[in-house]
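Participant: Give the three-dimensional model of this entry:
(one chain, ligands or ions: 2)
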Amino acid sequence: MTNFWDTELYLSSDKDQLFEQETWPKPFTFNEDVVRVFDDMVSRSVPLYKEVVACAVQWTKAYYQPGTKIIDVGCSTGTFLELLGRFLKTPATLVGIDNSEPMLAKAKEKLSGLEDTHHIELICESAGNSSFENSSIVVMNYTLQFLPVHQRQQVLNAVYEGLVPGGLLFLSEKLRSPYPQFQETMTRHYEAFKTRNGYATNEIERKKEALENVLIPLTQMQQVAMLHDSGFAAVDSLLKFHNFTSFIAIK
Ligand SMILES: C[S@@+](CC[C@H](N)C(=O)[O-])C[C@H]1O[C@@H](n2cnc3c(N)ncnc32)[C@H](O)[C@@H]1O
Ligand SMILES: O=C(O)C(=O)C[C@]1(C(=O)O)C=C[C@@H](O)C=C1
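Facilitator: Ligands and ions are numbered 1, 2, ... in the order given. Below is the predicted model of the structure:
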């Protein structure tokens, strides 16, 4: 077996050239066109994407309680569950939740090699309607940010309720700085990161417009307060690069 940190993620998609074309998804949505390029898009648009997915696997292995569920909310094409399934030797119930049918169709394909070891459930629903009962791990990477702000507390409350004692929430979000000057500089550096990853200025601008009022970032203080308000006493941050942060919270 390859050393964990040398392992590649299972990414399979066309190259993301969506925002170079004559029409592009505006407002941004996770439709068939986005799904077709999603693995390339997310790995070129989210700083430390591979490290975040790998850390989520390591924390899952550390906090998983046999007999409970591992739930990935906004699982997209199943990249996290696939890496986890390869490295988690104990057979487990791996649940992927997403409200985009085409995402789940890709996830089904990606996870098909793990069905001999793990029980896999893919559920098409909105996170606002999900149950997290009998879970010891809930992973929510870059998904809460797409829910209406007024729904987020209720989803985190349900996650807290559903987790067994000692259970872990691994949450990653795009955030914004409360200080306009920092926000401006952070955005500039984030956009330079995208440029280095091969996106042209007009692609970056078009996607930024398409994401307005669709991806609504909170500040770190607001996010941490929401986690505490839902009941989590132990909350910490694990990784941060530009305006993207991963948190861990234990019940
Ligand atoms: C940026 S992607 C998440 C990336 C993924 N977690 C990963 O690490 O590769 C956001 C995902 O959340 C899903 N999503 C958006 N709103 C949702 C909602 N209300 N309920 C469930 N899934 C949602 C989208 O379909 C999309 O697959
Ligand atoms: O491209 C951006 O500006 C992003 O914010 C990246 C981001 C995200 O954080 O969810 C936005 C949409 C895609 O789903 C993939 C990544």
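Participant: Any part of the helix of greatest length in the chain near ligand 2?
Facilitator: For the chain, the longest helix by residue count, based on DSSP state H, is helix 180-196. No. Helix 180-196 lies apart from ligand 2 when judged by C-beta under 6 Å from any ligand atom; the minimum separation is 6.9 Å. For the C-beta atoms, the positions are set from N, CA and C on the backbone; glycine is no exception.
Participant: who touches that helix?
Facilitator: If you take C-beta atoms under 8 Å, 6 or more residues apart in numbering as the criterion, helix 180-196 is touched by 44, 45, 47, 176, 177, 201, 204, 242, 243.
Participant: any idea how far stretch 50-68 is from the chain center?
Facilitator: From the chain centre to the centre of stretch 50-68 is a distance of 13 Å (C-alpha atoms, centre = their mean, to the nearest Å).
Participant: residues near the closest residue to residue 75 other than its chain neighbours, how many?
Facilitator: Here the nearest residue to residue 75 in space, its sequence neighbours aside, is residue 96; by C-beta to C-beta, 6 or more residues apart in numbering that works out to 3.4 Å. For residue 96, the neighbour count with other C-beta atoms under 10 Å is 28.
Participant: got it, and the one 4 residues further on?
Facilitator: Neighbour count for residue 100, taken as other C-beta under 10 Å: 21.
Participant: hmm, back to that, let me know the next secondary structure element after the longest helix of the chain.
Facilitator: Later in the chain than helix 180-196, the nearest helix or strand by DSSP states H and E is helix 201-211.
Participant: Please name every helix or strand in contact with that next one.
Facilitator: helix 180-196 (3 or more C-beta pairs under 8 Å, 6 or more residues apart in numbering; DSSP states H and E).
Participant: Quick one: mean pLDDT for the helix it packs on?
Facilitator: Per-residue pLDDT over helix 180-196 has a mean of 98.
Participant: Residue 71 - that's part of a strand, no?
Facilitator: Yes. Counting by DSSP: H, G, I helix; E, B strand; the rest coil, residue 71 is part of a strand.
Participant: Okay, residue 38 and ligand 1: tell me how far apart.
Facilitator: 7 Å (C-beta to the nearest ligand atom, to the nearest Å).
Participant: Now do the contacts for that residue.
Facilitator: 13, 16, 30, 76, 77, 103, 106.
Participant: Okay, domains of this structure per the record?
Facilitator: When the chain is parsed with automatic domain parsing, its domains come out as 30-176+217-250, 180-210.
Participant: on that earlier part again, check the contacts of residue 38 one by one and keep those near ligand 1.
Facilitator: Answer for those near ligand 1 (C-beta under 6 Å from any ligand atom): 30, 76, 103.
Participant: could you dump these to JSON lines with secondary structure, distance to residue 2 and pLDDT?
Facilitator: Converted to JSON lines, the ones next to ligand 1 among the contacts of residue 38 look like this (DSSP: H, G, I helix; E, B strand; the rest coil; distance: C-beta to C-beta, whole Å; pLDDT from 0 to 100):
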{"residue": "30", "secondary structure": "coil", "distance to residue 2": "31", "pLDDT": "97"}
{"residue": "76", "secondary structure": "coil", "distance to residue 2": "23", "pLDDT": "98"}
{"residue": "103", "secondary structure": "helix", "distance to residue 2": "27", "pLDDT": "98"}
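Participant: Many thanks, have a good one.
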